[in-house]
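K.L.:
Everything below, folded, please.
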Amino acid sequence: MLVNKEFKLGEIAKLLDLSLEGDQDYKVSSINNLKEAGKYDISFYYSKKFRKDLENTNAGAVILSKSDDLSTLKNKLFSDQVHLAYAKCSQLFTTMSVDLSKQDNKSIIHEGAIISPNCNIETNVKIEDGVVIKPGVFIGSGSTIKKNTLIHSNVSIYSNSVIGENCILHSGAVIGSDGLGFAKNGNKWEKIIHYGYVEIGNSVEVGAGCTIDKASSGKTVINDGVKLDNQIHLAHNCNLGENTIVGANTSIAGSVKIGKNCMIGGLCGIVDNIEIADEVIIHPMTFVTNNVKNKGVYSGGSVLMEHKDWLKKIASERKKI
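P.N.:
Sure thing, here's the model as predicted:
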């Protein structure tokens with residue numbers, strides 16, 4: 001469980017060795033992305049693809065480089081390494097608070113819910129009517145489990161997760177763990193604290209062993225009717241459209257947005273920060289590296305062949321590009 005703190009901008013500038021332009025006494029209490037940040041949030045800008053978000057942000061302050069300065073921003077903290085400064089800033093706002101209780105009286109559990117006795121339910125959890133929770137399940141503080149959802153044994157649901165109505169979560173699924181958020185600092189890595197959460201819609205099925213990361217800020221979203229096969233990885237800040245289905249062992253990198261009614265085969269890889277249109281079918285073992293703007297059927301990968309033949313095939317394909 002993360003407990004937020006409050007800092008003046010002057011304090012942050014001093015702690016992180018940043019140059020401040022603005023009100024040194026202005027207070028912020030959290031960190032968020034440019035699009036979702038409010039007046040008490042500090043945000044960050046490190047890529048030109050988010051320029052419109054920077055121009056329209058409501059953030060109380062922004063970390064950015066001098067070369068990306070925007071005159072309309074009232075409070076700015078300048079850094080030559082924005083991603084690293086963001087990582088260090090994210091660490092300032094949190095204190096770890098551990099809840100070791102089996103069940104807290106601040107949780108609201110409907111009398112119609114069926115919960116196995118050896119589950120671990122933290123504080124401020126809401127569990128609605130008709131929910132069935134099998135042995136060994138962990139539910140972190142502030143989470144909500146909506147009506148008629150079935151959670152199989154040994155599922156872990158991290159803090160502040162939202163699980164919709166009529167969902168099925170199979171054994172070993174992990175909902176809301178941290179994503180791969182690190183910034184390079186010399187020869188080591190600085191952890192980016194994740195402040196977001198996971199929101200799962202209604203009638204979603206999550207297969208055994210799936211891992212769904214919480215957002216670094218904001219939320220990771222699985223919309224109504226999505227079906228996930230076993231052992232799928234969904235990284236931070238992804239958004240899966242309604243009634244999309246994904247095959248086993250597919251990995252989807254951070255901030256990918258997938259449209260409605262898509263079908264994605266098993267063993268696919270999808271790189272970060274791309275968008276896939278509605279009604280797209282992607283065959284198994286396809287590596288998706290760019291936006292898919294139009295609905296249709298797409299394939300990639302290669303069938304088994306001798307290595308020398310594979311090299312010839314790749315050389316031939318490159319000539320066509």
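
K.L.:
May I ask you to confirm that residue 116 is in contact with residue 135?
P.N.:
Yes: if you go by Cβ atoms under 8 Å, residue 116 and residue 135 touch, sitting 4.3 Å apart. (C-beta placed from N, C-alpha, C; glycine too.)

K.L.:
burial of residue 251, as a residue count?
P.N.:
15 (other Cβ atoms under 10 Å).

K.L.:
so it touches residue 232, yeah?
P.N.:
Yes: with contacts defined as Cβ under 8 Å, residue 251 counts as touching residue 232 at a distance of 7.5 Å.

K.L.:
Please name the residues that touch residue 75.
P.N.:
Counting by Cβ atoms under 8 Å, 6 or more residues apart in numbering, residue 75 touches 9, 20, 21, 22, 23, 26, 60, 61, 62.

K.L.:
no no, residue 292
P.N.:
274, 275, 276, 277, 280, 282, 298.

K.L.:
Rebuild those as a markdown table, extending it with distance to residue 308, pLDDT and secondary structure.
P.N.:
Converted to a markdown table, the contacts of residue 292 look like this (distance: Cβ to Cβ, whole Å; pLDDT from 0 to 100; DSSP: H, G, I helix; E, B strand; the rest coil):
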| residue | distance to residue 308 | pLDDT | secondary structure |
| --- | --- | --- | --- |
| 274 | 33 | 96 | coil |
| 275 | 37 | 98 | strand |
| 276 | 34 | 99 | strand |
| 277 | 37 | 99 | coil |
| 280 | 34 | 98 | strand |
| 282 | 29 | 97 | strand |
| 298 | 28 | 96 | strand |
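
K.L.:
what about burial for those residues, which qualify?
P.N.:
274, 276, 277, 280, 282, 298 (16 or more other Cβ atoms under 10 Å).

K.L.:
quick one: strands adjacent to whichever strand or helix holds residue 63?
P.N.:
Taking DSSP states H and E as the criterion, the element that holds residue 63 is strand 61-64. Paired neighbours of strand 61-64 in the sheet (DSSP bridges): strand 41-44 (parallel), strand 76-78 (parallel).

K.L.:
Nearest to residue 193, out of these?
P.N.:
Closest to residue 193 of these is strand 41-44 (Cβ to Cβ; 12.7 Å).

K.L.:
so how far is that closest one from its chain's centroid?
P.N.:
17 Å (Cα atoms, centre = their mean, to the nearest Å).

K.L.:
got a list of contacts for that strand?
P.N.:
Residues contacting strand 41-44 (Cβ under 8 Å, 6+ apart): 9, 12, 28-34, 37, 57, 59-64, 77, 82-83, 85-86, 89.

K.L.:
Which of these fall in helices?
P.N.:
9, 12, 82, 83, 85, 86, 89 (DSSP state H).

K.L.:
Show the contacting residues for the fourth one.
P.N.:
To tie it back to what came earlier, the one meant is residue 83. With Cβ under 8 Å, 6+ apart, residue 83 has these contacts: 44, 46, 183, 184.

K.L.:
So which of those is the closest to residue 93?
P.N.:
Of the contacts of residue 83, the one sitting nearest to residue 93 (Cβ to Cβ) turns out to be residue 44, at 13.1 Å.
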